[in-house]
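**Student:** Sequence first, then the predicted structure:
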Amino acid sequence: AGETALPPPAWSGVAPGPRFAPTKLGHAAYEAGVTLDTACAVQLDLVRAGREGVVLEDALHLIYLVTPLANLKDPDWRLLESLHGRFGPVRRAVAARVGLDERFLSLRAQGRGAGSAHKLQEKAARRFFGSLMLQDLVDEVPLNVVLDRYTGGGARGAASGSGSGGAA
């Protein structure tokens, strides 16, 4: 009763004074081996999904949320615009919830719209394109068909690396 904590000995390597501890997000980022920027982006997506709701009629929104953010290449913008134009209402709702819109995709398909003003949409588009590929794989579409569908068979490295290091 009434014991006081003694300061750590000088040889312990712990300096006396205020102690700092990581936030839950910082600790999760450290444990997951991702940068704080990536962790913040994931947190922002999850907060947005919590606020606006997750589209559950299709697994695509959930797949998007667990699609890794690192090492995703630029999509074939014309293909993504074409796919978006053929989406039904559920897939359009997913695209809208993750921040993609027809105008942006049209600009990118024309080779315009790049730059800092569209940085978030570009990241969302890369991740969305990757999640479309992963959705097909979840649906048991053969890998060679998925690669041909999304890369024309020529850029297999962009697709084959998208599943590694995921959060799933």
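**Tutor:** Now that the structure is in, tell me what you want to look at.
**Student:** Please make it C-alpha for all contacts and neighbour counts, starting now.
**Tutor:** OK.
**Student:** for the lengthiest helix in the chain, packing partners?
**Tutor:** If you go by DSSP state H, the chain has its longest helix at helix 119-138. On a contact count with 3 or more CA pairs under 8 Å, 6 or more residues apart in numbering; DSSP states H and E, helix 119-138 meets helix 60-66, helix 143-151.
**Student:** so of these, which one's packed in deepest?
**Tutor:** Mean neighbours per residue, mean count of other CA atoms under 10 Å, is largest over the helices and strands packed on helix 119-138 for helix 60-66, with a mean of 21.
**Student:** Which strands or helices does that helix pack on?
**Tutor:** With contacts defined as 3+ CA pairs under 8 Å, 6+ apart, the packing partners of helix 60-66 are helix 36-52, helix 89-97, helix 119-138.
**Student:** List the buried residues for the helix or strand following it?
**Tutor:** For helix 60-66, the following helix or strand on the C-terminal side (DSSP states H and E) is helix 77-86. Applying a neighbour-count criterion of 16 or more other CA atoms under 10 Å, the buried positions in helix 77-86 are 77, 78, 79, 80, 81, 84.
**Student:** Could you export those residues to JSON lines, including columns for pLDDT and distance to residue 108?
**Tutor:** Converted to JSON lines, these look like this (pLDDT from 0 to 100; distance: CA to CA, whole Å):
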{"residue": "77", "pLDDT": "91", "distance to residue 108": "6"}
{"residue": "78", "pLDDT": "92", "distance to residue 108": "8"}
{"residue": "79", "pLDDT": "93", "distance to residue 108": "11"}
{"residue": "80", "pLDDT": "93", "distance to residue 108": "10"}
{"residue": "81", "pLDDT": "92", "distance to residue 108": "8"}
{"residue": "84", "pLDDT": "93", "distance to residue 108": "13"}
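**Student:** any chance of those in CSV, plus distance to residue 25?
**Tutor:** As requested, the buried residues of helix 77-86 are exported to CSV (distance: CA to CA, whole Å):
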residue, distance to residue 25
77, 33
78, 36
79, 36
80, 32
81, 35
84, 33
